[in-house]
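Asker: What would the 3D arrangement of this be:
(one chain, ligands or ions: 1)
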Amino acid sequence: MTLTTRRNFLRTAGLLTAAATIINPFDVFAQSRAKSATKGGSKKMVLTFRPYDAQMKHVFTIANSSRTTTQIVLTEIEWDGYVGYGEAAMPPYLGETQSSVMDFLKKVDLSRFNSPFEIQDILTYVDAIAINNTAAKAAVDIALHDLVGKIMGQPWWKIWGFNPSTTPNTSFTVGLDTEEVVREKTREASPYKVIKVKLGRDEKTDKMMVDTIRSVTNTTICVDANQGWKDKHYALEMINWLNERNVNMIEQPMPKLLLDDAAWVTERSPLPVIADEACQRLTDIPKLKGAYHGINIKLMKCTGMREAREMVSLAKALHMRLMIGCMTETSCAISAAAQLASETEWADLDGNLLISNDVYKGMQIVDGKITLNDLPGIGITKL
Ligand code: MG
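Answerer: Model prediction:
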C-alpha cells in the first residue's frame, strides 16, 4: 500500500493518526527494523475500517435468493508499525449490513488493552459489546490474528501446529441456473476436484442441476440444499438418488430448526449429513451431536478464528466430522479460514474466486487443493 492510499484508508475511517510508521507489513525484516525504530513509541492498537462491495462474477443464486454484489467491511488493526488485516462479509441472510458492522466497530475500543497478545481478553470483550454481529466480530478477530502472527513472524497454521500438507481440496460452487449456464459454470470448475452444487428447490430443478453437471463431468459433487427440503422422506429420497451420482456429502438438507427430522435423515443417510445454518457458534455443537454427522464452520458465523479453533476441538471431541466454509469474501477472510483447513475433511473456500474485485492475494488453490503459504499472520498481501 502506498503512503497516499494508506492515509486515504485512515482518513476514510476518520482515524488518521500522526505517529504511524508506514512499512510493508509482509517484509519481516523491515518489520524488525521498524519495531526497533518505534520502540518506546505509541503501543496502542488502532482499529480502522471501510465498506467495500464485492462484485460477483456471476449472479449468485441459492434456494431462496439471488444477488450480484456482497457487502463487505475491510478492517485494519495497527500496532507498533505492524498492520493486521480483517474482513466482515455479509450475505443478506446473515442480517448484518455494512452500516450495522460499522456501527458495531465504532464501539470497539482497543486502546484499553496493553498488547495484541491479549487475544482472549480482547475477543471476549468484543463478543460482549452486543449480541449477534458475528461478521463484525470476525472482522476484529481476523485483523487481530493477522497482526499477532505478523509480530511473531509466523503463520497461524504453524502457531497452531497444523500440518499444511493435509489440507483438503476445496469445492467450487455452481449455483442454481439454466442448463446452459450450469454447463458453462461446470466447465469453468474443471480445475477443481470437487463441485459444490446448490440444490433445495423442486425435484425437477434439483435433478436437472445434477444431471446437467454429470453431462459435462464425473467430478465428485458435494451438495448444499440450504434447508430447501421440507419433508424428511423426500430429503432421504433425494440423498439416495444423489448417492448414485458420485456425491460425497450433503449439507443442511432440511430447515435448521427441524432437529428431530434431521436426526431421522442422518440415521438413514448413505452420505454424511453436515449442519451449516443449524451450526453458528461453539455452543450450538453439543445439541447437533446425533442429528448431523458433522458441522460446517464459517468465520462469519462463529465470530472468527479464535472460536473456529475451539469448534474444531469440540467437534473432534464429540466425534463429529468437520467442514470449513465461507461466504462470498475476499482472499482476506478466505486465507484466515484456510489456516484451519488441515483439521477438516471438506473445505468450501471458493468465495474469493467468485468475485471479480478481490483486494488481497493469499491462500492459493493448487491442483484443486488448499495450499498454505509461509507468510506470517493469515498469509495475505495487498493486490
Ligand atoms: Mg451451506
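
Asker: Can you name the residues that contact the one residue in the chain that gets nearest to the ion?
Answerer: Nearest residue of the chain to the ion: Asp276, at 3.6 Å (C-beta to the ion). Heads up, the C-betas are built off the backbone N, CA and C, glycines and all. Going by C-beta atoms under 8 Å, 6 or more residues apart in numbering, Asp276 touches Asp224, Asn226, Glu251, Gln252, Ile295, Asn296, Lys298, Gly325.

Asker: The fifth one should be in a helix, yeah?
Answerer: No: judged by DSSP: H, G, I helix; E, B strand; the rest coil, Ile295 forms no part of a helix; its state is strand.

Asker: Can we start the residue count at 6 from this point?
Answerer: Will do, 6 is the new start, and the previous item becomes Ile300.

Asker: Now for it, how many residues are close by?
Answerer: The local packing of Ile300 (other C-beta atoms under 10 Å) involves 30 other residues.

Asker: So what sits opposite it in the bridge?
Answerer: For Ile300, the beta-bridge partners are Ala280, Leu327 (DSSP bridges).

Asker: Contacts only, for it.
Answerer: 279-281, 284, 289-290, 293, 316, 320, 325-328.

Asker: before we move on, what about the third one?
Answerer: Applying C-beta under 8 Å, 6+ apart to Glu256 gives the contacts Cys227, Val228, Asp229, Ala230, Asn231, Ile279, Asp281, Asn301, Met328.

Asker: that older thread, and the contacts of Asp281 near the ion, which?
Answerer: Restricting these to those adjacent to the ion (criterion: C-beta under 5 Å from the ion) gives Asp229, Glu256.

Asker: Among the contacts of Asp281, which one sits closest to Ile77?
Answerer: Lys303 (14.6 Å; C-beta to C-beta).

Asker: Show me where this protein has its helices.
Answerer: 8-17, 33-43, 103-111, 124-133, 139-157, 161-164, 184-193, 208-221, 237-248, 264-273, 290-293, 304-307, 310-322, 336-343 (DSSP state H).

Asker: that older thread, most neighbours, which of the contacts of Ile300?
Answerer: Highest neighbour count within the contacts of Ile300, by other C-beta under 10 Å: Ile279, with 29 neighbours.

Asker: mind listing what that one touches?
Answerer: Met254, Ile255, Glu256, Gln257, Tyr297, His298, Gly299, Ile300, Asn301, Arg326, Met328, Trp351.

Asker: ok, now which ones touch the residue lying closest to Ala143 once chain neighbours are set aside?
Answerer: In this structure, Ala143 finds its nearest non-sequential neighbour in Gly309, 4.0 Å apart by C-beta to C-beta, 6 or more residues apart in numbering. By C-beta under 8 Å, 6+ apart, the contact list for Gly309 reads Leu128, Lys142, Ala143, Ala144, Val145, Asp146, Ile147, His150, Ala341.

Asker: go with 10 Å
Answerer: Contact analysis of Gly309 by C-beta atoms under 10 Å, 6 or more residues apart in numbering lists 91, 93, 128, 131-132, 139-140, 142-150, 338, 341-342.

Asker: Kindly report the same for Phe118.
Answerer: Phe118 neighbours (C-beta under 10 Å, 6+ apart): Lys49, Met50, Trp84, Ile124, Asp126, Ile127, Tyr130, Leu149.

Asker: okay, the residues you listed in CSV with pLDDT, distance to the ion and neighbour count next?
Answerer: What follows is these, written out as CSV (pLDDT from 0 to 100; distance: C-beta to the ion, whole Å; neighbours: other C-beta atoms under 10 Å):
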residue, pLDDT, distance to the ion, neighbour count
Lys49, 93, 39, 15
Met50, 97, 34, 25
Trp84, 96, 35, 22
Ile124, 98, 28, 17
Asp126, 98, 32, 13
Ile127, 98, 29, 23
Tyr130, 98, 30, 16
Leu149, 98, 26, 30
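
Asker: Selecting buried members of the contacts of Gly309 in ChimeraX, what would you type?
Answerer: Under the burial definition 16 or more other C-beta atoms under 10 Å, those of the contacts of Gly309 that qualify are selected in ChimeraX by:
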select :91,93,128,131,132,139,140,142,143,144,145,146,147,148,149,150,338,341,342
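
Asker: so Gln257 makes contact with Tyr297?
Answerer: Yes: in this structure, Gln257 is within contact of Tyr297 by C-beta atoms under 10 Å, at 8.7 Å.

Asker: okay, and the common contacts of the two?
Answerer: Contact criterion C-beta under 10 Å, 6+ apart; residues shared by Gln257 and Tyr297: Ala267, Val278, Ile279, Ala280, Asp281, Ala283, Cys284.

Asker: From Thr224, how far off is the fourth one?
Answerer: Taking C-beta to C-beta, to the nearest Å as the criterion, Ala280 is separated from Thr224 by 25 Å.
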